[in-house]
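Asker: Sequence and computational prediction follow.
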Amino acid sequence: FVAEHSVMHNLLRRINVKIQAKIKARQGGTSRRRKGFNRRVIERDHGDGHQRLVTDFFSDDPVYDEKIFRTRYRMSRPLFLRIVHALGEWSPYFTKRADICCRQGLSPLQKCTAAIRMLARGSPADAVDEYVQIGTSTAMECLERFAEGVIDKFGGEYLRGPTSVDMQHLLQIGEGYGFPGMLGSIGCMHWEWESCPPKWMRRLNHSDHGFATFILEAVASQDLWIWHACFNVVGSINDISALNQSPLFTEVLKGQAPPVQFSVNKSQYDMGYYLADEIYPESTVFVKTMPFPRTEKERLFAKHQEEARKDVQRAFGVLQSRFPIVRGPIRFFQRATLGKILQACVILHNMAVEDEKDMASAYSEPNEASGITVVLPSNIKTGPANCLTNVLQRTATICSQATHGQLRRDLIEHIWQQFGPFGDK
């Protein structure tokens with residue numbers, strides 16, 4: 001018994017010595033290669049990285065002020081801390097935890113900072129290693145988890161459709177432009193997918209751009225808020241392929257879009273519309289410019305339509321400026337990950353717009369009467385009875401070129417009366 005006890009004691013002592021040696025090696029910050037593996041393990045001081053972040057940006061008297069914080073993080077400090085706190089409630093991944101050797105892991109500030117820096121600079125994952133003390137593979141994982149958390153926690157609020165109050169504001173903005181019944185401007189942004197699999201290149205290669213693209217279809221308003229965003233299309237011959245798969249157009253065909261009643265040039269209409277460029281089809285839900293205006297009225301209409309339609313292009317420009325990762329060619333990501341990143345960037349963009357109170361400056365005064373009403377249906381019937389017949393009827397109404405032409409002629413006359421040489425404005 002004594003001999004067995006001595007053997008066990010010696011074995012436990014040798015195991016303890018090895019464990020202590022490994023802990024000291026880790027704490028010493030040494031680099032080593034694991035036996036049997038070619039991967040090099042770099043010991044990083046996570047605590048020092050966290051303390052550096054706190055000193056520079058998050059202490060009571062930080063080194064960098066609020067202006068520099070907005071430049072580095074593309075948002076205000078309270079908004080960033082709100083996101084960090086929400087992600088900590090969403091998943092234990094964004095909480096501070098210790099590993100099996102009782103060494104503290106990365107803090108939520110380090111993980112969220114690594115993700116934001118990659119989004120805000122379009123930089124590779126290893127660009128944040130020295131400052132945040134985070135490895136390349138961990139930074140990539142942080143970015144994907146960060147995008148998933150932002151979508152789950154904030155997607156329902158910042159990617160929602162407009163409410164009745166929002167619709168009234170949008171209609172007032174449209175009327176200020178001279179377009180009663182306008183719900184915003186629609187357009188598509190192309191994001192180059194450099195790591196597209198070769199077997200998909202021919203099918204997904206965009207004829208206008210010469211490479212495979214990931215398409216974002218969006219509807220934006222004057223305040224740069226993106227009300228609708230569709231990310232489900234990769235590559236297309238043109239933007240119409242994105243439109244055919246868009247839930248926005250599907251809701252209109254199903255009769256689920258909120259009806260809007262407005263009057264233009266003594267003509268009554270019961271469906272809102274979006275300003276679009278020439279590639280979109282002739283439809284009552286799209287108002288396009290005059291490609292070759294011949295009269296003064298047509299030239300004035302084309303000028304106002306093209307100026308108002310720039311809202312969606314301005315929104316795309318601000319989105320790409322705020323998060324350059326959606327501007328340059330993207331590698332190292334799979335298709336599903338690209339969709340999450342793009343969706344998270346739109347959500348963060350809307351959160352920043354709300355935080356900066358841009359929407360309040362764009363809305364009209366509350367005492368202004370628009371003369372336009374919007375009715376949100378309380379109960380949409382989707383039963384099988386006459387469903388196909390209703391869809392066909394709506395399709396015929398939406399695609400009616402006669403109605404589309406009449407609407408544009410009425411808008412031309414309305415804008416001439418409002419902004420022409422003898423107009424009211």
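Answerer: Cool, got the structure.
Asker: what's the burial count for residue 225?
Answerer: By other C-beta atoms under 10 Å, 23 other residues sit near residue 225. Just so you know, the C-beta spots here come from the backbone N, C-alpha and C atoms, and that holds for glycine as well.
Asker: isn't it right next to residue 353, touching?
Answerer: Yes - with contact defined as C-beta atoms under 8 Å, residue 225 reaches residue 353; the gap is 5.4 Å.
Asker: Next, count neighbours for residue 8.
Answerer: Around residue 8 there are 10 residues (other C-beta under 10 Å).
Asker: Now do it against residue 284, distance only.
Answerer: Remark: distance between residue 8 and residue 284 (C-beta to C-beta, to the nearest Å) = 85 Å.
Asker: same thing with residue 421?
Answerer: 30 Å.
Asker: Those two: who's more crowded?
Answerer: Neighbours of residue 421 and residue 284, each counted by other C-beta under 10 Å, are more numerous for residue 284; the result is 23 against 7.
Asker: Three-state assignment for the more buried one, please.
Answerer: Following DSSP: H, G, I helix; E, B strand; the rest coil, residue 284 is assigned to coil.
Asker: from what I can see it touches residue 273, true?
Answerer: Yes - Residue 284 lies in contact with residue 273 (C-beta under 8 Å); the separation is 6.6 Å.
Asker: what's the overlap in contacts for the two?
Answerer: Both residue 284 and residue 273 are contacted by residue 407, under the criterion C-beta atoms under 8 Å, 6 or more residues apart in numbering.
Asker: Residue 414 and residue 264 touch, don't they?
Answerer: Yes - if you go by C-beta under 8 Å, residue 414 and residue 264 touch, sitting 5.1 Å apart.
Asker: what sits in contact with each of these two?
Answerer: What both residue 414 and residue 264 touch, as defined by C-beta under 8 Å, 6+ apart, is the set residue 180.
Asker: What residues does residue 416 make contact with?
Answerer: 296-297, 300-301, 423.
Asker: make it 10 Å
Answerer: Residues counted as contacts of residue 416 (C-beta atoms under 10 Å, 6 or more residues apart in numbering) are 178, 265, 295-298, 300-301, 304, 422-423.
Asker: now do residue 120
Answerer: 71-75, 321-325, 345, 348.
Asker: Swap in 6 Å and give it another go.
Answerer: Residues in contact with residue 120 (C-beta atoms under 6 Å, 6 or more residues apart in numbering) are residue 74.
Asker: That one in helix, strand or coil?
Answerer: Note that with three-state DSSP, the state of residue 120 is helix.
Asker: Inside helices: which ones of the contacts of residue 416?
Answerer: Judged by DSSP state H, the subset of the contacts of residue 416 located in helices is 296-298, 300-301, 304.
Asker: Pick the one among the residues you listed closest to residue 82.
Answerer: For the ones in helices among the contacts of residue 416, the closest approach to residue 82 (C-beta to C-beta) belongs to residue 304, at 39.0 Å.
Asker: what comes up buried for the helix or strand where residue 170 lies?
Answerer: If you go by DSSP states H and E, residue 170 is part of helix 164-177. Within helix 164-177, the residues scored as buried using 16 or more other C-beta atoms under 10 Å are 166-177.
Asker: mind listing the strands in the stretch 1-150 of the chain by residue range?
Answerer: Secondary structure of the stretch 1-150 of the chain by DSSP state E, counting those that start in this stretch: the strands cover 31-33, 40-42.
Asker: lowest-confidence stretch among these?
Answerer: Comparing mean pLDDT across those, the weakest is strand 31-33, with a mean of 50.
Asker: For the spatially most central residue of the chain, grab phi and psi.
Answerer: What sits nearest the mean C-alpha location of the chain, by C-alpha atoms, centre = their mean, is residue 346, with 1.4 Å. Main-chain torsions, residue 346, degrees, to the nearest 10: phi -70, psi -40.
Asker: For it, give me its contacts.
Answerer: So residue 346 contacts 226, 229 (C-beta under 6 Å, 6+ apart).
Asker: Just to be sure, residue 274 is in a strand?
Answerer: Yes - under three-state DSSP, residue 274 falls within a strand.
Asker: partners of the biggest strand by length in the chain in the sheet?
Answerer: Ranked by number of residues, the top strand in the chain under DSSP state E is strand 182-192. Strand 182-192 has the following strand partners under DSSP bridges: strand 213-220 (antiparallel), strand 273-275 (parallel).
Asker: which of the residues in the last one are buried?
Answerer: The neighbour-count criterion (16+ other C-beta under 10 Å) identifies 273-275 as the buried residues of strand 273-275.
Asker: Mind pulling up the pLDDT for residue 45?
Answerer: Residue 45 is given a pLDDT of 79.
Asker: quick one, phi/psi of it?
Answerer: Taking degrees, to the nearest 10 as the convention, residue 45 sits at phi -90, psi 90.
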